[in-house]
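# Output the structure for:
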Amino acid sequence: MNYGRTGSILVPLAVCVLLAGWIVLSVADAPTVGFSILVFAVANLIVYTDALDFALRLYMRRRHTLAAGGGYRRRSSGLSINLSAILPPDARRVVQAPSFAIIASIFNLEDRLQDFMEAFEHYKHRVWLISDGSTDHTVLRLRQAGWRCFDDGVNRRKPGALRRLLARLPEQIDIVMVIDPDIRIRGLNEGSTIDLDQFVSDFQQSGAAAACPRIMIEPDGFLARFQAFEYALAFRIGRESLADYSVTSGVSFYRRSALARALDEHSLSVYAEDFENALILLSHGERIYYDGRLVVSTEGPGSLQRWFSQRTGWYHGLIKVYTERFSEVLRISRRSPFAAYNYLFYLGGLALAIHLVKIVSAALLVLSFLGGLDTLLLDDFVPQGTLGNPEYFAAAIGSYLALGVIALFTCVPKAERAYAAPIVPLYLCYAIAHIVPMTVGYGNFFALRLFRRRIYQDHYESPADASVAAQKVGLIE
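The predicted model follows:
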């Protein structure tokens, strides 16, 4: 895969070189200011937690992908479980054509309808769609083009729409692939190492409730480089380390009966809907695994505003589902020590409980950055002191660079490294910036419960939808 022109790489590389030069000069020219080990430790908390989590997940990924004959694999297989031990090659069979379907909930897709139809033309005979209250000509155009699309004229939101669609599928379909309309299934020469039929065949014979393929970001500008690296880490180290208690995503395969069960118990909220599905299934003793041999791609948010809205919704959903489904989290955590680590310590502790400490850490790093900038350019415009020592930021970004380089060569596919590499030196800045929508997302959760309104209106729900949701939980009389 070719990820763009030379000019698109030179610009972020130049930014990285300038940043590296600034770090060296600012620390070298810094006057003698107070240095506190405690402040240094707090400022570098983001680095320490990410590094320890990465090391542990790297170890668990190797442990969960043992070859059938014993010993570690030299390279990641793309699977979070040893599927070959479950499905010996001579026992595998090909799934019959009618046994699975590709399903999606769509809403006002008219502007992007041509792209969708082109992307799924090859799978058209497997696609079943439901309109989630579309008000444009989406349904009409789909039906005119010969696509199956149900329309009840009701906006149920995605989980409710999918539950309605499942009830209308032919009985012989026992495997469903849930998709978002903006994704594309990549072929054998585009990143995947198996085709869709083989993925479904392996999944069906595994007996698992769900399986998640790898999702990658389509190359599209500077912001997409950060997201491409982020998604590579999230799937190829995050989900791949979780064995058979992984988390589903917006594109996942389900045993039909398992998805129906999950949606029957679902809150039907659009926030963290896939995470809620996973918690329900795993709490019932079901298995969910990751199979990165099949790759699907999607477009990133594209703009900072859309990215901010997306991440705000994500973290609002995380705290919402985590608190509402905490009993399920406890049941899942008893499955294994690493399940307890991921669902209790990492999500409950590192992502939620110590978020206020992460805000302080980010603030200290920003202050340290400003202190270095002042030393280099502004001539004591920023007050100097222990909290603004430039060494804190220099140490953090240097450590994060080392971590990023290791991650680049252990988690990012070789064909995608050239695209992601230029932003690795800047990834700490992206991680710090991430804390802002995280905070707003968590703030939305508490603001809705305390004041019946949001701090920031993301794009996942309209104000009218939010009002209906609030009524359902008894927040509005």
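
# got a list of contacts for stretch 124-144?
For stretch 124-144, contacts defined as C-beta atoms under 8 Å, 6 or more residues apart in numbering pick out 100-110, 113, 117, 120, 146-158, 161-162, 164-165, 168-169. Where C-beta positions appear, they are placed from N, C-alpha and C, glycine not excepted.

# hey, which strand is longest across this structure?
Criterion DSSP state E: the longest strand present in the chain is strand 288-298.

# Show me what counts as buried in it.
Residues 288-298 are the ones in strand 288-298 that count as buried (16 or more other C-beta atoms under 10 Å).

# do the same with stretch 197-208
Buried residues in stretch 197-208, counted by 16+ other C-beta under 10 Å: 198-204, 206, 208.

# Pipe these into a markdown table and attach pLDDT, secondary structure and distance to residue 438 per row.
Shown next, in a markdown table, are the buried residues of stretch 197-208 (pLDDT from 0 to 100; DSSP: H, G, I helix; E, B strand; the rest coil; distance: C-beta to C-beta, whole Å):
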| residue | pLDDT | secondary structure | distance to residue 438 |
| --- | --- | --- | --- |
| 198 | 91 | helix | 38 |
| 199 | 94 | helix | 33 |
| 200 | 94 | helix | 36 |
| 201 | 91 | helix | 39 |
| 202 | 91 | helix | 36 |
| 203 | 93 | helix | 33 |
| 204 | 91 | helix | 38 |
| 206 | 90 | helix | 34 |
| 208 | 95 | coil | 31 |
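
# next structured bit after the longest strand of the chain?
Next helix or strand after strand 288-298 toward the C-terminus (DSSP states H and E): helix 304-324.

# Pull out the buried positions in that next one.
Buried residues in helix 304-324, defined by neighbour count with 16+ other C-beta under 10 Å: 307-322.

# what does stretch 406-415 give?
Buried, per 16+ other C-beta under 10 Å, within stretch 406-415: 407-408, 411-413.

# before we move on, back to that, can you show me the CA trace of the longest strand of the chain as CSV?
The C-alpha trace of strand 288-298 is given here as CSV (Å, rounded to 0.1, in the frame of the first residue of the first chain):
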residue,chain,number,x,y,z
ILE,A,288,-15.2,-12.8,22.0
TYR,A,289,-11.9,-12.8,20.1
TYR,A,290,-9.9,-10.6,17.8
ASP,A,291,-8.9,-11.7,14.3
GLY,A,292,-6.7,-9.1,12.6
ARG,A,293,-6.2,-11.3,9.5
LEU,A,294,-9.2,-9.5,8.0
VAL,A,295,-8.8,-5.8,7.7
VAL,A,296,-11.5,-3.2,7.2
SER,A,297,-10.9,0.5,6.7
THR,A,298,-12.8,3.6,7.6
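
# tell me the contacts of residue 213?
Residue 213 touches 199, 251-253, 290-296, counting by C-beta under 8 Å, 6+ apart.

# which SS class is it?
Assigned with DSSP: H, G, I helix; E, B strand; the rest coil, residue 213 falls in the strand class.

# Closest one of the contacts of residue 213 to residue 401?
When the contacts of residue 213 are compared for distance to residue 401 (C-beta to C-beta), residue 292 wins out at 25.7 Å.

# how close does the closest one sit to residue 175?
19 Å (C-beta to C-beta, to the nearest Å).

# try residue 60
Distance check for residue 60 against residue 175: by C-beta to C-beta, it reads 28 Å.

# Repeat that for residue 125.
15 Å.

# about what we covered before: just list what the longest strand of the chain packs against, helices and strands only.
Applying 3 or more C-beta pairs under 8 Å, 6 or more residues apart in numbering; DSSP states H and E, we find strand 288-298 packed against strand 183-185, helix 196-206, strand 210-217, helix 273-283.
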